[in-house]
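Student: 3D model of this:
(chains A and B)
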Amino acid sequence: MGNEYIPLPDMEMGMNFDHAYPDRLGSICNVLVNRTWVNGNTPIITQAVGFQSSKVAKRRGREGKLPKGVVKIYGMHLEEASDVLTEIAAIDPGCTVNWIFNRSVIKKKRAFECAGDYVESDAINCENSDCITNHEEGRKKYHIVSKGPPLTARCHYCEREFEIVYR
Amino acid sequence: MFGDRNNRHVISINDFSKDALLELISFTSVMKSNPEVYRDSLVGWKAAEMFISNSTRTFESFREAAEDLGAKARMGFRSPSGTSLEKGESVVATGQMYRGYGADVIITRSPHDGAALYLADALDVDFETGLTDKRVWVIDGGTGNKDHSTQNMLDLYTFREQYGKLDGLNCLVFGDLLYGRSIRFVLPLSLFGDLEVTFLSHPRLALADDIRGTLTERGVKFQEIFDPEALPDVLPTVDFVYGSRNQENRYPETAEGEELKREVRDFAVINRKMMESIKPKDGFKIYHALPVDRKHPCIVEHEIDRTSYCGYIKEAENGYHLRKALLYRMRHD
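Tutor: Down below sits the predicted model:
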């Protein structure tokens, strides 16, 4: 069976995560793919790497341009402070989140600004190695106490407060 | 005491208000003096015990308390040895199984922080239907480094029984203040006012930041000292002493943990000779979440057991009475 090539439509409506660290794209896509979408219809989600970005260079404390990652969601909008955006804010707090409607950017924010006060996530691990969430499989719960960046979370179970440094 | 029928899990001592604690303590006294009246009050109930770390007193006192009130309390284990947990079963799956066998209450102990709350959260949901399920209540029987809510409650009960009050007490808390969860009784005790505490420990086992912060916030007068030679000077000034043995089983399993064990061993010990050399206050008692370690006494020498200063045997007995009262209130409130 050969590769299938699906021509991507122009983005009439959707979301664009721009200036992301390329090494975080897989994690961002995992969060998006694993969430439950309305009516069970997962939208088209694309990821791209290789474009150059001065913002990524600046975030890394470098001059000039460095490769960036881009993730696009077609036909769906995510709400600010939702679990998904909070998880993405934990993974890559500095990436830019664009909401697109009628082919125009109608809202633009940094990911950390979109974090909610509470998140249930598999992508964030409690820093306390003795915390039960590091010994049992299941959803982990966090209260976001500061949006930083980086985000500071308090584990719902062991109450340890820690900065989410994504590796 | 348990106003909310939908939330009767007993997880952290911090979830209990001063009034709720007072009510429980007063009810424990009533129950202790009239055990016959309550003999069949838990008939039809089932209690299960899931102790993922070893226990003697907490395990036995809960089991006896439940059975003496008419409940069935045969389900469970006092250590994971020989259970399916050793084969890799999750704690939540084990809890779900006990729920399926009809447990109304599950008492759990775990070495992991937050384990009781985690289990309670998981058992509040029927995973098959996704619906809320409030069939079973979870009681923390000592989890991680922080929580041992029923130990804290029974300590408060013991102090009130001995001194007739919970306000205006002056105490010395010493030993392992960092890993010892029983010393957290100072937090609920501070709700009653005018508490004065002297903390004495090895510098590497000093008070956890969250306790220090809460006591400061509540305006409690406290001092921290790190000199064991100060013991004979402090003892005559306090109403009671509360010791916490070195919790070696919770130290990191690393070379650093081994070094910590050696360094803090024999830091400060109260013995009969020391007690004979001072004049303690009337009613002075020594409390201690047992056991007293014979090989490496780190709080009191065994000879204190045979003196009038020994309060820890009565304290352990009170665990049975307090836990009886707690189980009764969980069902009947």
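Student: so where does B:V92 fall, helix or strand?
Tutor: helix B:91-100 (DSSP states H and E).
Student: touching chain A at all, that helix?
Tutor: Yes. Using CB under 8 Å from any CB of the partner chain, we find that helix B:91-100 touches chain A at B:91-92. Quick note: C-beta positions are derived from backbone N, CA and C, even for glycine.
Student: quick one: buried residues of that helix?
Tutor: Neighbour counts using 16 or more other CB atoms under 10 Å in any protein chain shown place B:91-92, B:94-96, B:98-99 of helix B:91-100 among the buried residues.
Student: And these, which is closest to A:V119?
Tutor: For A:V119, the nearest member of those is B:V92. The distance, counting by CB to CB, is 20.4 Å.
Student: quick one on the thing from earlier: dump the helix holding B:V92 to CSV, keeping only the CA atoms.
Tutor: As requested, C-alpha coordinates have been extracted for helix B:91-100 and formatted as CSV (Å, rounded to 0.1, in the frame of the first residue of the first chain):
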residue,chain,number,x,y,z
VAL,B,91,-4.3,-0.1,44.1
VAL,B,92,-7.4,1.3,42.4
ALA,B,93,-8.3,-2.1,40.9
THR,B,94,-7.9,-3.7,44.3
GLY,B,95,-10.2,-1.0,45.8
GLN,B,96,-12.8,-1.6,43.0
MET,B,97,-12.7,-5.3,43.9
TYR,B,98,-13.5,-4.7,47.5
ARG,B,99,-16.2,-2.3,46.5
GLY,B,100,-17.6,-5.2,44.4
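Student: what's that helix packed up against?
Tutor: Under the contact definition 3 or more CB pairs under 8 Å, 6 or more residues apart in numbering or on different chains; DSSP states H and E, helix B:91-100 sits against strand B:46-51, strand B:105-110, helix B:115-123.
Student: need the residues of chain B near chain A, please.
Tutor: Within chain B, the positions lying close to chain A (CB under 8 Å from any CB) are B:90-92, B:110-115, B:117-118, B:121-122, B:143-146, B:210.
Student: Pull out the buried members of those.
Tutor: For the residues of chain B next to chain A, a burial check counting by 16+ other CB under 10 Å picks out B:91-92, B:110-115, B:117-118, B:121-122, B:143-146.
Student: how close does B:V269 sit to chain A?
Tutor: 29 Å (CB to the nearest CB, to the nearest Å).
Student: Need the residues that contact stretch B:82-95.
Tutor: With contacts defined as CB atoms under 8 Å, 6 or more residues apart in numbering or on different chains, stretch B:82-95 is touched by A:132, A:136-138, B:50, B:52, B:77, B:80, B:106, B:108, B:110, B:115, B:118-119, B:122-123, B:136, B:138.
Student: Under the pLDDT cut-off, which ranges of chain A? List them.
Tutor: Counting by pLDDT under 70, chain A contains low-confidence ranges at A:1-3, A:6, A:166-167.
Student: correct me, but B:V173 touches B:L195?
Tutor: No. Counting by CB atoms under 8 Å, B:V173 sits too far from B:L195 to count as a contact (10.8 Å).
Student: who has more neighbours, the two?
Tutor: Neighbours per residue, other CB atoms under 10 Å in any protein chain shown: of B:V173 and B:L195, the larger number sits with B:V173, 27 against 21.
Student: ok, for A:S53, nearest residue in space, not its chain neighbours?
Tutor: If you skip the residues right next to it in sequence, A:S53 has A:K68 as its closest partner in space, 3.5 Å away by CB to CB, 6 or more residues apart in numbering or on different chains.
Student: Identify the residues contacting the one you found.
Tutor: A:18-22, A:49, A:51-53, A:55-56 are the contacts of A:K68 under CB under 8 Å, 6+ apart.
Student: Identify the bridge partners of it.
Tutor: According to DSSP bridges, A:F51 are recorded as the beta-bridge partners of A:K68.
Student: Put together CSV for the buried residues of helix B:91-100, with distance to B:G44 and pLDDT on each row.
Tutor: Putting these into CSV (distance: CB to CB, whole Å; pLDDT from 0 to 100) gives the following:
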residue, distance to B:G44, pLDDT
B:V91, 26, 93
B:V92, 26, 94
B:T94, 23, 94
B:G95, 21, 95
B:Q96, 21, 94
B:Y98, 16, 95
B:R99, 16, 94
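Student: State the distance from whichever residue of chain A sits closest to chain B to B:T237.
Tutor: Closest approach of chain A to chain B (CB to the nearest CB) occurs at A:Y157, with a separation of 2.9 Å. With distances taken as CB to CB, to the nearest Å, A:Y157 is found 40 Å from B:T237.
Student: Who has more neighbours out of these two?
Tutor: Between A:Y157 and B:T237, A:Y157 has the larger neighbour count (other CB under 10 Å), namely 26 against 14.
Student: residues touching the closest residue to the more buried one other than its chain neighbours, list them.
Tutor: Counting by CB to CB, 6+ apart, B:G114 is the residue found nearest to A:Y157 once chain neighbours are left out, at 2.9 Å. B:G114 makes contact with A:131-133, A:155-159, B:143-144 under the criterion CB under 8 Å, 6+ apart.
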